[in-house]
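Participant: Pasted the sequence and its predicted model underneath.
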Amino acid sequence: MIVLVNKKRFTGCISVILILIILVIGLLNWSSFKKAVYPLKYSDYVEKYAENYKIDKYLVYSIIKAESEFKFNARSEKGAVGLMQIMPSTGKEIAQKLGIENFSEEVLLNPEININIGCYYLSYLLNKYDGNIKTAVAAYNAGYGNVDNWLAVEQIDFLSGQEIPFGETKKYLLKVEKNLDNYFNIYEGEK
């Protein structure tokens, strides 16, 4: 009986030690884990076009994560395509402005072109809404026509996010904000 008690204590001690080892290893790798969840994929393109259009690169990463989880060939039920989920009609209009020739929906599967068009559009929205990130992000999701109507008719308070008529847009805005906070904390926090 004494031997059984000692075996139980020994097993319990070993379990506690293993748990502590796992926790220490986990804490040491926590930064790597967070970076895996919030990656900086396509960084050459994101940083190039974010700088070109004078927008925050972490905002671009946050939108890509929310829109496609970095899947270059993502397609939505509504027809949006690629990393930044560009609607083909929006892509065509912006491609003409940017001088991208031979535009087709398939061109939006090219990560560089998709990010270029997405950053241009995001920059346009930020300028349209005087740098208000929440309003621009809501317009990126719901369309600026809807947002303009909400602002004109319903006096939406985008700072609170509570009065947005589209539930999907409300969730999207919260997701992008969370992503942006995490990107900033993970990558700016290490400097």
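Facilitator: Perfect, I can see it now.

Participant: which SSE is the spatially most central residue of the chain in?
Facilitator: The C-alpha lying nearest the average C-alpha coordinate of the chain belongs to Ser62 (C-alpha atoms, centre = their mean; 2.3 Å). Using DSSP states H and E, Ser62 maps to helix 57-68.

Participant: Check the offset of that helix from the chain's centre.
Facilitator: Distance of helix 57-68 from its chain centroid, counting by C-alpha atoms, centre = their mean, to the nearest Å, is 3 Å.

Participant: right, and the helix or strand after that helix?
Facilitator: Counting by DSSP H and E, the element after helix 57-68 in chain order, helix or strand, is helix 88-98.

Participant: Please enumerate residues in contact with that following helix?
Facilitator: The contact list for helix 88-98 (C-beta atoms under 8 Å, 6 or more residues apart in numbering) reads 79, 81, 86, 103, 105, 107-108, 113, 116-117, 120-121. (Glycine included, C-beta is placed from N, CA and C.)

Participant: my guess is the residue nearest to the centre of the chain meets Tyr183, correct?
Facilitator: Yes. Between Ser62 and Tyr183 there is a contact at 5.8 Å, judged by C-beta atoms under 8 Å.

Participant: thinking again about what came up before, if I look at the residue nearest to the centre of the chain, how far off is Ala36?
Facilitator: Ser62 sits 16 Å away from Ala36, going by C-beta to C-beta, to the nearest Å.

Participant: next one: Glu163
Facilitator: The value you get for Glu163 to Ala36, if C-beta to C-beta is used, is 36 Å.

Participant: roughly how far out does the helix or strand encompassing Val176 sit from the chain middle?
Facilitator: Using DSSP H and E, Val176 falls within helix 167-183. Centre-to-centre, helix 167-183 and its host chain are 8 Å apart (C-alpha atoms, centre = their mean).
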